[in-house]
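Colleague: Quick check, what structure comes out for this input:
(2 chains)
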Amino acid sequence: MNALGEVKDAVVSGNVQQTLAGINTAIATGIVPGDIIRMGLIAAMEVVGDRFKNGEFYVPEMLIAARAMKAGLHILKPLMVGTEVKSPATVVIGTVKGDLHDIGKNLVSIMMEGAGCTVIDLGVDITPEKFVEAVRAYNPHVLAMSALLTTTMPMMKETIAALEKSGQRSHVKVLVGGAPLSQAFADGIGADGYADNAAEAVDLLSIYSAAYFS
Amino acid sequence: MNGLERMRTVLKGEKPDRVPVFPLVHYGSSHAAGYKIRDFSTDPDINARCLIHAYRECGYDGVQPSIAVMVEGEAVGSRVEYPEDNVPFVKEIFLKTPDVDLLTMPEPQKTHPLSLVIQSTRLCAAEIGKEAYIVPSIMGPLNSAGQIRGVENLMFDFFDRPDFVKELLDFTTEMGIRYGKALLDAGAHGIFIGEAMCSPSFISPTFYRQFVLSQQKRLIGALLEYGAESTILHICANTVPIMRPYAVETGTTIIDLDWQVNVAETLNSAEMRQTKTLVRGNLDPANELLRGTPRDVMAASRKLIESVGKNTRFILGSGCAVNPDSLPANCKAMVEAAERYGRF
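Modeller: Coordinates of the predicted model:
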């Protein structure tokens, strides 16, 4: 098997040591870092997303794959100086005010990074004002919000209202997700999209990429 | 029949007057009684008062003394934050180092907030224990472990240190047994066991079997042997991939289904025909109970009741925890639907 295939398999199976060993082999055989990221790491996360959708992978399997991917990115990114991998989208993501649940948000961040996006993860307990500030500062294509409680879901609507008030609503696509949410809820609050899980969230990005991003 | 009689009747497999109604109401009871969630979460008298008020106002059949999922975590030493009017949560986990020797087994009567829930149970049992079914909530082995070790850490631990996970779940199961017994001593009729983390939207059925199933069996077995009339085991989201272990192998009296599962199909399934397990379920707590009108809730409840038919194994439930804004009107609507469309 070639080195890129080894890297990909190692990430999918969540093996950090083998990921790093595979990357070192790939570099030694002259493969450029950008290709290792694209065809090793990003390709692996596509497989991870597919396996999640197929019901073969669950949250633990995704987390260890992400850990291996991040370990790989950590050694490859410094080698990328002077070259660029084009990011299909910039995403600002956070869990809403009053809510500290972050696993879903973290998985979405990971999968979007795994797809090559630039992700700014604000963390948890993020007020509408902080979301608006981040949209202003980072000018993302997408604002993604997560909530796990019926008592914190209302903050999503408040954040969209804050975006409207600041004149930025039309500059950004708003995606929402979290266990108590639904398409109906997302439509009701004026969000642009709803994803049931992290893999679907990345799929939504692709839809937006084609139609929205130049 | 009152709620206690109704629940005991269906538990015997006999026909009640109407479908029992038992929504999952914890902090959901706070606003209707005029309190904020922090009041409910920190004062046993107010906790009981809110639960009793909601029961009386809405007319359903049981109460579930509890606070939220963080109770066992705090009892062991995780640091919890109590927002003024939102669900308390673990801010800092206790077990950052994966070593169970760092844990001390809490004495339920003497350890807050286990003692708060025990006291609330005692108060509820004293005031309405002869008319309502009292089922306080505990966290199951995996959920407790998540509040002590951190949910994400535990996900990695499954792969990185499975022996530690087993030891941790041995500890949380033992804690659950002691806590459950104390709640039964305080007058509980049954025990609710919350295990959201076992959901197939979270961990694989393989991991559920490998790490959790035997612990849940041990917990449920111990509580039923001690004198619990019933256990209600709650696992969120779509539990069809684990229905056999969940409904049949754990030994639980009642399974508590979330809105994603078809209750009628479940009751008619091969798994359920092998067992006498009852099913509570399963409105959608966000879309139906929170965002819907009482008329919407009546219609959704009616649809559920009629889909099941006259089945003594069915208890009308809320799918998952009810939001404060769903009381009293929408929970009353559930009862009205059972009165109108759920008579036997």
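Colleague: Next SSE downstream of the longest strand belonging to chain A?
Modeller: Determined from DSSP state E, the single longest strand within chain A is strand A:118-126. The element immediately downstream of strand A:118-126 (helix or strand, assigned by DSSP states H and E) is helix A:128-138.
Colleague: which parts of that following helix are buried?
Modeller: Going by neighbour count (16 or more other CB atoms under 10 Å in any protein chain shown), the buried part of helix A:128-138 is A:128, A:130-135, A:138. Every C-beta, even on glycine, is put in place using the N, C-alpha and C of the backbone.
Colleague: Close to chain B: what parts of chain A are there?
Modeller: Within chain A, the residues that sit near chain B (CB under 8 Å from any CB of the partner chain) are A:14, A:55, A:58-61, A:63-64, A:67, A:98, A:100, A:102-103, A:106, A:149-153, A:179-182, A:184-185, A:188, A:197.
Colleague: hmm, back to that, neighbouring strands for the longest strand of chain A, and are they parallel or not?
Modeller: Sheet pairing of strand A:118-126 (DSSP bridges) gives strand A:90-96 (parallel).
Colleague: What angle do helix A:128-138 and the strand it pairs with make with each other?
Modeller: Inter-element angle recorded for strand A:90-96 and helix A:128-138: 170 degrees (by axes from the mean of the first three to the mean of the last three CA atoms, to 10 degrees).
Colleague: And the average pLDDT for strand A:90-96 is what?
Modeller: Computed over strand A:90-96, the mean pLDDT rounds to 96.
Colleague: how distant is it from the center of its chain?
Modeller: Taking the mean of its C-alpha atoms, strand A:90-96 sits 9 Å from the chain's own mean (CA atoms, centre = their mean, to the nearest Å).
Colleague: Touching the lowest-mean-pLDDT helix or strand in chain B from outside, list them.
Modeller: Lowest on mean pLDDT, DSSP states H and E among the helices and strands of chain B sits helix B:270-273, with a mean of 89. Identification of contacts with helix B:270-273 by CB atoms under 8 Å, 6 or more residues apart in numbering or on different chains yields B:243-244, B:247-248, B:266, B:279, B:313.
Colleague: List just the nearest of those to chain A.
Modeller: The nearest member of those to chain A, counting by CB to the nearest CB, is B:M243 at 14.6 Å.
Colleague: Show the pLDDT at that closest one.
Modeller: So, for B:M243, pLDDT stands at 96.
Colleague: I'd say it and B:T266 touch.
Modeller: Yes - in this structure B:M243 lies within contact range of B:T266 using CB atoms under 8 Å: 6.8 Å.
Colleague: Look at these two and report which has more neighbours.
Modeller: Using other CB atoms under 10 Å in any protein chain shown, the more surrounded residue of B:M243 and B:T266 is B:T266, with 23 against 20.
Colleague: Contact residues of the stretch 151-300 of chain B facing chain A?
Modeller: Residues of the stretch 151-300 of chain B lying near chain A by CB under 8 Å from any CB: B:151-152, B:155-156, B:158-159, B:200-204, B:207, B:236-237, B:241, B:284-287, B:290-291.
Colleague: I'd like to know which of those are buried.
Modeller: The buried subset of those - by 16+ other CB under 10 Å - is B:151-152, B:155-156, B:158-159, B:200-204, B:207, B:236-237, B:284-287, B:290-291.
Colleague: What helix or strand is the residue nearest the centre of chain A located in?
Modeller: Central residue of chain A (CA atoms, centre = their mean): A:M112, 2.4 Å from the mean position. Element membership for A:M112, per DSSP H and E: helix A:103-114.
Colleague: In contact with residue 16: list those residues for me.
Modeller: Looking at chain A here, since you left the chain open. If you count contacts by CB under 8 Å, 6+ apart, A:V16 has them with A:67-68, A:71.
Colleague: wait, I meant chain B there
Modeller: For B:P16, the contact set (CB under 8 Å, 6+ apart) comprises B:1, B:5-6, B:9-10, B:312, B:344.
Colleague: change it to 6 Å
Modeller: If a contact means CB atoms under 6 Å, 6 or more residues apart in numbering or on different chains, then B:P16 has B:6, B:9-10 as its contacts.
Colleague: Phi, psi for it please.
Modeller: Dihedral angles of B:P16 (phi, psi; degrees, to the nearest 10) stand at phi -90, psi -180.
Colleague: can you tell me how far it sits from chain A?
Modeller: 30 Å (CB to the nearest CB, to the nearest Å).
Colleague: So, low pLDDT: which residues of chain A?
Modeller: Chain A contains residues with pLDDT under 70 at A:1, A:82-86, A:209-214.
Colleague: the strands in it, which residues?
Modeller: A:90-96, A:118-126, A:142-146, A:173-177, A:193-194.
Colleague: Rebuild these as TSV, extending it with distance to B:N143 and mean neighbour count.
Modeller: TSV is the format used below for the strands of chain A (distance: least, CB to CB, whole Å; neighbours: other CB atoms under 10 Å in any protein chain shown):
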stretch	distance to B:N143	mean neighbour count
strand A:90-96	20	25
strand A:118-126	19	18
strand A:142-146	20	27
strand A:173-177	22	24
strand A:193-194	27	21
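Colleague: In TSV, list those along with distance to A:A161.
Modeller: Output for the strands of chain A, formatted as TSV (distance: least, CB to CB, whole Å):
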stretch	distance to A:A161
strand A:90-96	13
strand A:118-126	15
strand A:142-146	13
strand A:173-177	11
strand A:193-194	18
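Colleague: Which among those strands is found nearest to B:E306?
Modeller: Among the strands of chain A, strand A:193-194 comes nearest to B:E306, with 29.7 Å by CB to CB.
Colleague: in its sheet, what does the closest one sit against?
Modeller: Sheet pairing here is set by DSSP bridges, and for strand A:193-194 it gives strand A:173-177 (parallel).
Colleague: what about the closest residue to B:V25 other than its chain neighbours, how many residues close to it?
Modeller: With sequence-adjacent residues excluded and distances taken as CB to CB, 6 or more residues apart in numbering or on different chains, B:V25 is closest to B:V322, at 5.0 Å. Neighbour count for B:V322, taken as other CB under 10 Å: 26.
Colleague: ok, residues contacting the longest helix seen in chain A?
Modeller: Using DSSP state H, we find that the single longest helix of chain A is helix A:59-76. Applying CB under 6 Å, 6+ apart, the contact partners of helix A:59-76 are A:11-12, A:14, A:16, A:19, A:23, A:33, A:36-37, A:41, A:48, A:107, A:110, A:114, B:155, B:158-159, B:202.
Colleague: so A:V202 makes contact with A:A115?
Modeller: Yes - between A:V202 and A:A115 there is a contact at 5.1 Å, judged by CB atoms under 6 Å.
Colleague: Taking the stretch 51-200 of chain B, what residue is nearest to chain A?
Modeller: Proximity of the stretch 51-200 of chain B to chain A (CB to the nearest CB) peaks at B:M155, 4.3 Å away.
Colleague: you'd agree that residue is in a helix?
Modeller: Yes - under DSSP: H, G, I helix; E, B strand; the rest coil, B:M155 sits within a helix.
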